[in-house]
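1. Give me the fold of what follows.
(chains A and B)
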Amino acid sequence: MNGTRGRTWKRTWTITLLSLALAGGIVDPSWGILDQLLSPPADKKSSQSKGQQAQPSEPKGLIDGIGGLLGAKEKDLDLIKKGLKTVQALQPIGLEEELAIGQAVAMEAFARFGGEYRDEALTTYVNLVGRTVAEVSDRPELTFRFAILNSPEQNAFAAPGGYIFVTIGLLKTLKNEAELAGVLAHEVAHVTQRHMLKTLQRSAILANLSEFSISIMRKDPQLFSNVIDAATDMLFEKGLDKEMEFEADTVGIEYTYRAGYHPNGLRDYLTTLKSQEGMAASRFFSTHPSTVERLKRATGVAARYAEARHYPYLAERFRSRMGPA
Amino acid sequence: MMRDRHLLLMILTFGTVLALVPSFLFAQTMYVSREEVKLTEEKSPTSKVVETLRRGAQVRVIEKSDRHFKVQAPSGKTGWVFKFTLSDQKVSGGSGDLLSAVTGDTRIAAREASSGGSIRGLKETSERYATTKHVDQAAKEAVQRMEDRVISREELLKFQREGSVGEFSEETP
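-> As a prediction, the model looks like this:
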């Protein structure tokens, strides 16, 4: 008994010292020493008799390790694991699935908003500004793609997977590159924060699923079609949740700052938008929260970046790339 | 009695160490979040390259400025990196995709391969959606053009240098 207690204390001490070493950076977590210590002691009776086939067992995880240390029975651990699996419900939508949804939504964007605005030089310019912002975002591994829609109404939106759209109508109201960066960064933020995917996951369409994978989409094209209908309805008609829009403003301003543009870009565009409210016909007003509220919040957020006061607006470069009005 | 002494000793050790170790030491390890990051001698992407770091590489932060961190690479070499290319969360390694390297788009992973077998293009699910929903051919082609557009690293860096943005943005005077 004393021997068992002694071993437990020895083990606890070792874990304590190792934890401190890990925190101080002396030991690398990838060495797996802590995992080894956390795993339950090997059962001496488990050696199998000759001829008996070894059963494939699930890899031991952290629950097994901590459970082993606390002396919990295997049956209890199984119950805990089963409980956790029930709570997990629908797994987050993966990259493959996100890209498939994004492509289908992108097709609908072109079909509903006047098609593609065919100006190679201008599209390249929008992509250069967009990528400058996207590469400092929280999903630098994702390839963001930017396109201009041939619609006179002011609008911009993001489809999952990094497909970003801005209308020529909106581009023409901008005064400088920092404003363009601000608008695109807001859309990039919708993708990095997975706003549409989170909303879809909470929707009734996916309510009874535990997984939404490419193979399920292939087996059930109607389900995929329903998901795209819900996504386009949300994007083009109803709009996302108000809090998601505010979050995209805040995160977008951070990306604009990281990209080295003046962080007032989005705020300045919102000022223009506010002055046009009630005059310009745009679904932008019905799919986004009140411009007054957004402007108020964006002004507060941008003011936090005092050190970025000298960052450029690049009005001249913007005008030269946009061409004559 | 013995057990209480052990417990007390353990709490004392933890408390003393936590009090002695400055908090910044806990945040000094970071990870490269881009496919490739240049470690340079000075705080500028145009200065001499010391080493090229790959996505997922673990670095130790030595010094911090507005937009750059001086770091020590796993090789032991030190230099400056644009700080927004680092993450404090562990990052898995790069794709190492040869086709991506050839096309110049280093962020296209092999798993994005399309139904047509090319590295870019529409996915089978989206293709089928377009057919069943009778999506306008022009819209479909426009998405294909989005997929096909390649912005090379050199073109992006030239654009950023001319505008003093991205990695070329200046530190606070």
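2. in the chain, what spans have low per-residue confidence?
-> Unless you meant another one, I'm taking chain A. A:1-90, A:278-286, A:325 (pLDDT under 70).
3. meant chain B actually
-> B:1-3, B:14-27, B:94-120.
4. centroid residue for chain B?
-> B:Ser33 (1.9 Å; CA atoms, centre = their mean).
5. how many neighbours does the residue of chain B found nearest chain A have?
-> Scanning chain B for proximity to chain A using CB to the nearest CB identifies B:Ser169 as nearest, at 2.6 Å. Just so you know, the C-beta spots here come from the backbone N, C-alpha and C atoms, and that holds for glycine as well. Applying other CB atoms under 10 Å in any protein chain shown, we find 23 residues neighbouring B:Ser169.
6. distance of it from A:Tyr257?
-> According to CB to CB, to the nearest Å, B:Ser169 stands 9 Å off from A:Tyr257.
7. Now list whatever residues contact both of these two.
-> A:Tyr311 (CB atoms under 8 Å, 6 or more residues apart in numbering or on different chains).
8. Just the element for B:Lys70, please.
-> Per DSSP states H and E: B:Lys70 is located in strand B:68-72.
9. ok, back up a step: check contacts around the residue nearest to the centre of chain B.
-> Per CB under 8 Å, 6+ apart, neighbours of B:Ser33: A:140-141, B:55, B:85-87, B:91.
10. For B:Asp148, state which of the residues you listed is nearest.
-> Minimum distance to B:Asp148 across those is 19.9 Å, recorded for A:Glu141 (CB to CB).
11. Tell me where the chain has strands.
-> With no chain named, the answer covers chain A. Here chain A has its strands, by DSSP state E, at A:145-149, A:156-159, A:163-167.
12. ah, no, chain B please
-> Counting by DSSP E, one finds strands in chain B at the ranges B:29-32, B:36-40, B:49-54, B:58-64, B:68-72, B:78-82, B:86-87.
13. Output the set of residues of the stretch 151-300 of chain A in proximity to chain B.
-> A:163, A:177, A:214, A:217-218, A:221, A:224-225, A:228, A:258-261 (CB under 8 Å from any CB of the partner chain).
14. A:Ser215 and chain B, how far apart?
-> Using CB to the nearest CB, to the nearest Å, A:Ser215 is found at 10 Å from chain B.
15. ok, now A:Val136?
-> 4 Å.
16. what's that residue in contact with, if anything?
-> Contacts of A:Val136 (CB under 8 Å, 6+ apart): A:255, A:258-259, B:84, B:166.
17. How many residues are close by B:Ala7?
-> One thing to correct before we go on: residue B:7 is Leu, not Ala. If we define neighbours as other CB under 10 Å, then B:Leu7 has 12 of them.
18. Over to B:Asp66?
-> Residues near B:Asp66, counting by other CB under 10 Å: 13.
19. Am I right that it is in contact with A:Glu307?
-> Yes. B:Asp66 lies in contact with A:Glu307 (CB atoms under 8 Å); the separation is 6.5 Å.
20. Once you drop chain neighbours, what's closest to whatever residue of chain A ends up closest to chain B?
-> Closest approach between chain A and chain B, counting by CB to the nearest CB: A:Gly260, at 2.6 Å. Computed as CB to CB, 6 or more residues apart in numbering or on different chains, the closest residue to A:Gly260 that is not its neighbour in sequence is B:Ser169, at 2.6 Å.
21. ok, now which ones touch that neighbour?
-> A:259-260, A:311, B:67 are the contacts of B:Ser169 under CB under 8 Å, 6+ apart.
22. circling back to that earlier point, quick check: helices, which of the contacts of B:Ser33 are part of them?
-> Among the contacts of B:Ser33, no member falls in helices (criterion: DSSP state H).
23. Between which two of the residues you listed is the distance greatest?
-> Using CB to CB, the two most remote members of the contacts of B:Ser33 are A:Glu141 and B:Leu86, lying 13.9 Å apart.
24. Between the two, which is the more surrounded one?
-> Ranked by neighbour count (other CB under 10 Å), A:Glu141 and B:Leu86 place B:Leu86 first, with 20 against 16.
25. In space, what's closest to the more buried one - neighbours in sequence excluded?
-> Spatial nearest neighbour of B:Leu86, excluding adjacent residues (CB to CB, 6+ apart): B:Met30 at 4.2 Å.
26. And the helices in the stretch 201-325 of chain A, which stretches?
-> A:214-219, A:221-232, A:242-258, A:265-276, A:284-287, A:291-302, A:315-322 (DSSP state H, counting those that start in this stretch).
27. Reformat these as JSON lines; add mean neighbour count.
-> Listed next are the helices of the stretch 201-325 of chain A as JSON lines, based on neighbours: other CB atoms under 10 Å in any protein chain shown:
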{"stretch": "helix A:214-219", "mean neighbour count": "14"}
{"stretch": "helix A:221-232", "mean neighbour count": "18"}
{"stretch": "helix A:242-258", "mean neighbour count": "22"}
{"stretch": "helix A:265-276", "mean neighbour count": "21"}
{"stretch": "helix A:284-287", "mean neighbour count": "16"}
{"stretch": "helix A:291-302", "mean neighbour count": "17"}
{"stretch": "helix A:315-322", "mean neighbour count": "15"}
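28. quick one, which of those helices is nearest to A:Gln103?
-> So among the helices of the stretch 201-325 of chain A, helix A:221-232 is nearest, using CB to CB, at 9.8 Å.
29. Arrange the contacts of A:Val136 in CSV, one row each, with distance to B:Leu9 as further columns.
-> Shown next, in CSV, are the contacts of A:Val136 (distance: CB to CB, whole Å):
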residue, distance to B:Leu9
A:Tyr255, 49
A:Arg258, 46
A:Ala259, 51
B:Phe84, 44
B:Gly166, 53
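30. What is the most widely separated pair among those?
-> The span of the contacts of A:Val136, defined through CB to CB, is set by A:Tyr255 and B:Gly166 at 11.5 Å.
31. quick one, what contacts A:Ala158?
-> A:Ala158 makes contact with A:164-165, A:187-188, A:190-191, A:196, according to CB under 8 Å, 6+ apart.
32. Can you tell me how far the residue nearest to A:Ala315 when sequence neighbours are not counted is from A:Lys219?
-> Closest residue to A:Ala315 apart from its sequence neighbours, by CB to CB, 6+ apart: A:Asn176 at 3.9 Å. Per CB to CB, A:Asn176 is found 49 Å from A:Lys219.
33. same deal with A:Val105?
-> Separation of A:Val105 from A:Lys219 (CB to CB): 21 Å.
34. now swap in A:Ser213 and tell me
-> Distance, A:Ser213 to A:Lys219, by CB to CB: 10 Å.
35. How about B:Lys90?
-> According to CB to CB, B:Lys90 and A:Lys219 sit 35 Å apart.
36. what's in contact with stretch A:318-325?
-> The contact list for stretch A:318-325 (CB under 8 Å, 6+ apart) reads A:121-122, A:125, A:171-172, A:174-177, A:179-180.
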